[in-house]
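Peer 1: No sequence on hand, only this structure:
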Ligand code: BGC
């Protein structure tokens with residue numbers, strides 16, 4: 001009898017849903033809440049990871065689970081959902097979730113690689129495809145996008161975000177959210193997005209994962225928060241807290257960010273989940289005394305759902321009875337969770353068609369989009385003597401540990417990507433160009449950490465028998481990602497020696513770097529004629545790289561994070577404030593300092609004696625097979641009111657031999673503020689495709705209100721005064737145009 005009764009309840013909800021407005025949903029939540037026991041409410045606030053299914057089902061039956069994570073088998077998800085819907089007292093559906101970070105089965109480039117595209121459209125499309133593939137398995141919530149600003153490549157999770165810039169991260173984060181969540185036409189192929197990690201996780205001190213983030217309050221507001229505000233405005237359905245503390249307060253217990261900012265100031269009405277055990281970890285932080293204290297602090301701060309610390313389900317009933325948490329607070333949290341489930345249509349359509357997933361995964365359109373993303377994400381860092389594209393070679397030696405590494409080229413967070421579907425560069429080169437070019441393969445190193453130099457002499461000899469060497473180096477997937485920080489960012493193992501051995505042959509050497517972060521590849525640049533930086537390019541990386549190497553495609557990627565000369569420069573980012581003694585570029589470096597030099601502080605500037613001041617390659621940098629020129633950059637006025645829009649015009653000219661795409665970038669500097677301001681900030685970008693020889697009038701429209709920041713009085717507004725503006729192909733080029741805001 002019981003299942004029948006519940007089914008009727010579900011049907012009643014389904015009928016209601018067909019005319020669902022915000023008010024209807026709130027009424028349905030009220031009705032449901034009024035029937036729930038405290039234990040059932042706490043059950044909704046509990047998220048469990050996949051485990052013994054019989055045990056999980058029993059928890060679900062008792063109403064002790066609101067969401068599951070990490071189950072991807074549609075049949076298993078349906079089985080558990082059936083228990084929730086048909087066998088638990090109130091029949092509230094489960095919310096199945098998973099870290100779908102850069103694709104589900106069809107893997108796109110890692111998010112840092114996607115950021116190098118500066119292309120919101122391909123990122124939106126990639127997220128839509130991920131949602132289609134994952135939701136076909138019943139997954140309706142992904143823990144993505146990660147929109148943490150990352151200014152330190154030692155941090156392994158730099159791979160998982162959009163790099164160092166606030167504006168770029170905001171725009172691309174929004175695109176990803178839109179892709180996952182779809183629109184009204186997306187139906188069940190919608191996944192709730194999760195803006196994470198709120199907040200400051202990417203600023204882990206020393207780049208060491210989970211470390212505290214020493215972020216001053218105004219920097220938090222001006223640099224780290226805008227992508228999250230943009231996520232709220234874009235309708236992100238959920239937020240995740242972060243593992244780090246800021247100024248002594250772990251994010252999972254930070255009422256200021258979770259309530260004052262997120263709910264009260266930004267009006268977020270979605271759901272907040274903790275990070276994995278981050279509530280319980282407040283004990284190790286020394287912020288909570290025990291499980292109950294941790295749960296009380298988290299829920300009072302504004303966390304709605306507990307991911308895997310078990311502290312909510314284990315202690316909150318008693319905490320409510322003891323008056324440490326009000327039932328009103330619990331009701332608010334449960335309301336946020338139920339609202340999400342209603343919005344996703346889970347009450348109406350809790351089950352998934354178990355056969356559909358197999359049909360939709362790796363669909364040709366998905367693979368084509370993944371390839372496009374991989375093409376656009378590759379950054380050409382060096383191309384001496386037009387080594388690339390390989391137009392006139394008859395034979396190549398393919399070498400290096402990443403040439404045929406199907407697992408590793410998928411990168412971090414590839415739980416569901418299958419190496420058996422990966423197209424490696426070696427396979428693509430053979431398939432696409434093997435009939436035109438003789439391809440010799442000799443990896444020399446077996447994996448990226450391989451230190452064995454025994455094969456390198458043979459490599460040099462083999463290289464002498466071909467026209468060019470293409471060396472695939474980089475990082476295995478496991479060398480970046482969560483808890484995979486590094487203090488040394490040079491190529492691992494004997495990979496730099498491999499490049500040296502290739503170079504010793506006298507043949508042109510092309511290095512292709514597949515990595516999870518911008519590595520310190522300065523010394524390697526000396527041992528190659530051309531370098532293509534492709535990050536971990538995903539399932540279709542092989543086809544993308546092969547076509548780039550042979551000029552079927554032209555590189556257009558731009559660095560979303562600064563390339564350092566040396567790890568000791570980290571953290572390093574283009575949009576820093578000036579010191580009182582900015583570097584002039586004429587500093588005396590270590591080898592030029594005379595012996596027994598007397599100490600002086602006169603004329604000293606802010607730089608490193610060994611690595612100078614500048615980066616290896618600045619943010620926004622990337623070459624093409626063609627050349628672009630910016631001309632006639634002008635603005636429509638000299639002075640602007642606070643409500644005006646700055647209209648920027650410029651001519652972009654393709655002065656080379658290839659049809660190609662340039663990412664034009666708009667930067668601004670506020671010369672004097674109530675607090676010091678960055679020496680440049682990205683405020684706009686666009687991909688512009690021009691035929692060889694073509695030129696085009698282009699524009700940027702920049703609303704003056706986008707120059708606002710939190711100033712001395714902690715108010716966010718545009719401060720009047722003098723500004724400069726640049727339009728250029730990277731963050732270190734171009735001439736400033738002055739303007740004034742009244
Ligand atoms: C990560 C999150 C992730 C979660 C669930 C945590 O360790 O920090 O980003 O979503 O695990 O897998």
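Peer 2: Yep, it's here. The model shown is predicted, which means the values in this text are computed figures rather than measured ones. Numbering: from 1, shown residues only.

Peer 1: contacts, neighbours, all on C-alpha from now
Peer 2: Will do.

Peer 1: Identify the residues contacting the residue in the stretch 501-650 of the chain that the ligand sits nearest to.
Peer 2: Minimum separation of the stretch 501-650 of the chain from the ligand (Cα to the nearest ligand atom) falls at residue 516, amounting to 16.0 Å. Neighbouring residues of residue 516 by Cα atoms under 8 Å, 6 or more residues apart in numbering: 110, 112, 156, 158-159, 411-412, 475, 477, 479-481, 535-536.

Peer 1: distance of it from residue 540?
Peer 2: 16 Å (Cα to Cα, to the nearest Å).

Peer 1: Likewise for residue 488?
Peer 2: Residue 488 is 29 Å from residue 540, by Cα to Cα.

Peer 1: Looking at these two, which has the bigger crowd around it?
Peer 2: residue 540 (30 against 14; other Cα atoms under 10 Å).

Peer 1: so the residue lying closest to that one once chain neighbours are set aside, which of the three states?
Peer 2: Nearest residue to residue 540 in three dimensions, chain neighbours excluded: residue 371, at 4.9 Å (Cα to Cα, 6 or more residues apart in numbering). At residue 371 the chain is in helix, as set by DSSP: H, G, I helix; E, B strand; the rest coil.

Peer 1: Quick one: residues contacting whatever residue of the stretch 451-600 of the chain ends up closest to the ligand.
Peer 2: Here the stretch 451-600 of the chain gets closest to the ligand at one residue, residue 482, 6.9 Å apart by Cα to the nearest ligand atom. Residues in contact with residue 482 (Cα under 8 Å, 6+ apart) are 156-157, 209.

Peer 1: Which of these are buried, as a ChimeraX select command?
Peer 2: To isolate the buried ones among the contacts of residue 482 in ChimeraX, judged by 16 or more other Cα atoms under 10 Å, type:
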select :156,157,209
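
Peer 1: Keep only those of the contacts of residue 482 that are also close to the ligand.
Peer 2: Subset of the contacts of residue 482 in contact with the ligand: empty, counting by Cα under 6 Å from any ligand atom.

Peer 1: pLDDT and secondary structure added to the contacts of residue 482, as CSV?
Peer 2: As requested, the contacts of residue 482 are exported to CSV (pLDDT from 0 to 100; DSSP: H, G, I helix; E, B strand; the rest coil):
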residue, pLDDT, secondary structure
156, 98, helix
157, 98, helix
209, 98, coil
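
Peer 1: Residue 680: which of the contacts of residue 482 is nearest?
Peer 2: Using Cα to Cα, residue 157 comes nearest to residue 680 of these, at 25.0 Å.

Peer 1: so that closest one makes contact with residue 479?
Peer 2: No - the criterion here is Cα atoms under 8 Å, and residue 157 misses it with residue 479 at 10.2 Å.

Peer 1: Give me the common contacts of those two.
Peer 2: With Cα under 8 Å, 6+ apart as the test, residue 157 and residue 479 both reach residue 485.

Peer 1: Count the residues that sit near the residue nearest to residue 540.
Peer 2: Residue 371 has 25 nearby residues by other Cα under 10 Å.

Peer 1: what does the stretch 251-400 of the chain have sitting close to the ligand?
Peer 2: 275-276.

Peer 1: let's see 8 Å
Peer 2: 275-276, 307 (Cα under 8 Å from any ligand atom).

Peer 1: List the residue ranges of the stretch 1-150 of the chain that fall below the pLDDT cut-off.
Peer 2: 1-20 (pLDDT under 70).

Peer 1: That one: helices as residue ranges?
Peer 2: 2-17, 22-35, 38-44, 53-61, 74-82, 111-116, 120-135 (DSSP state H, counting those that start in this stretch).

Peer 1: Mind listing what's buried along the third one?
Peer 2: Neighbour-count burial for helix 38-44, counted by 16+ other Cα under 10 Å, picks out 40-44.

Peer 1: any idea how far it is from the chain center?
Peer 2: Between the centre of helix 38-44 and the centre of its chain there are 34 Å (Cα atoms, centre = their mean, to the nearest Å).

Peer 1: which other helices and strands contact it?
Peer 2: Contacts defined by 3 or more Cα pairs under 8 Å, 6 or more residues apart in numbering; DSSP states H and E place helix 38-44 against helix 311-321, helix 327-343.

Peer 1: Then the fifth one?
Peer 2: The contact analysis (3+ Cα pairs under 8 Å, 6+ apart) places helix 74-82 against helix 53-61.
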